[in-house]
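S.K.: here's my sequence, what's the structure:
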Amino acid sequence: MTNTRYRAMRHVLDRIEDTTPGKLEITKEGIVHDLQAPGRPHELTAGLMARRLEGAMPDGIWAHTGRPDVEDERQGVMRHPDVMVIAFEAMQGEGSFDPRTVIAAIEVVSRSNPDNDWIGKMRDYPLLGIPVYAVFDPRTGTGAVMSDIHPTPDGPRYATRKDFVYGEDVTIADWTISTTDLPRYTDTTTN
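M.R.: As a prediction, this is how the structure comes out:
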């Protein structure tokens, strides 16, 4: 993707994101639009993971669940992790976060667009240089933690994948937390 094309897509997102439902991100393929806003199980899982991580981490490291995005214009990628593990100092300033300052990205799989988390972000986060990527899937009560970025002919990829089921302890970067009592999607929830 050219920088001109990326800047044009970024300009469009800046103009429509406040009036468009759901979440908008930019990948090498173009704009990703998750139509549904996250529902309670999704947001509860993200919140629980953030609180549990912050309980295990030292002062100065945050499990951040808000804005802004992580962005690398050179790579043509702008993503918004559900939870970012990041140092307080790296959060200061204006604009998007530098993805190379993110210690770990955590995603809660959305029911409406699971491939975005399991495929797209699995490709984009190592490209951005995010060393650890954890995925929690309320559809199945499972997840995985990816690490150890290495080069491949298709670009950087994670070399190590550790799968888990809800109820087990999981290690994300340097911190181990419980996955007990995480919510699951039911037939009547949307995200």
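S.K.: where along the chain do the strands fall?
M.R.: 23-27, 30-34, 61-64, 70-72, 77-79, 83-87, 102-108, 133-137, 142-150, 157-165, 169-172, 175-178 (DSSP state E).
S.K.: show me where pLDDT drops low in this structure?
M.R.: 1, 21-22, 33-38, 187-191 (pLDDT under 70).
S.K.: F88 reaches A63, doesn't it?
M.R.: No: between F88 and A63 there is no contact under CB atoms under 8 Å: 11.6 Å. Bear in mind the C-beta positions are built from the backbone N, C-alpha and C, glycine included.
S.K.: can I get the strands of the chain in JSON lines with distance to D14?
M.R.: Output for these, formatted as JSON lines (distance: least, CB to CB, whole Å):
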{"stretch": "strand 23-27", "distance to D14": "10"}
{"stretch": "strand 30-34", "distance to D14": "12"}
{"stretch": "strand 61-64", "distance to D14": "21"}
{"stretch": "strand 70-72", "distance to D14": "12"}
{"stretch": "strand 77-79", "distance to D14": "10"}
{"stretch": "strand 83-87", "distance to D14": "20"}
{"stretch": "strand 102-108", "distance to D14": "21"}
{"stretch": "strand 133-137", "distance to D14": "26"}
{"stretch": "strand 142-150", "distance to D14": "30"}
{"stretch": "strand 157-165", "distance to D14": "30"}
{"stretch": "strand 169-172", "distance to D14": "31"}
{"stretch": "strand 175-178", "distance to D14": "34"}
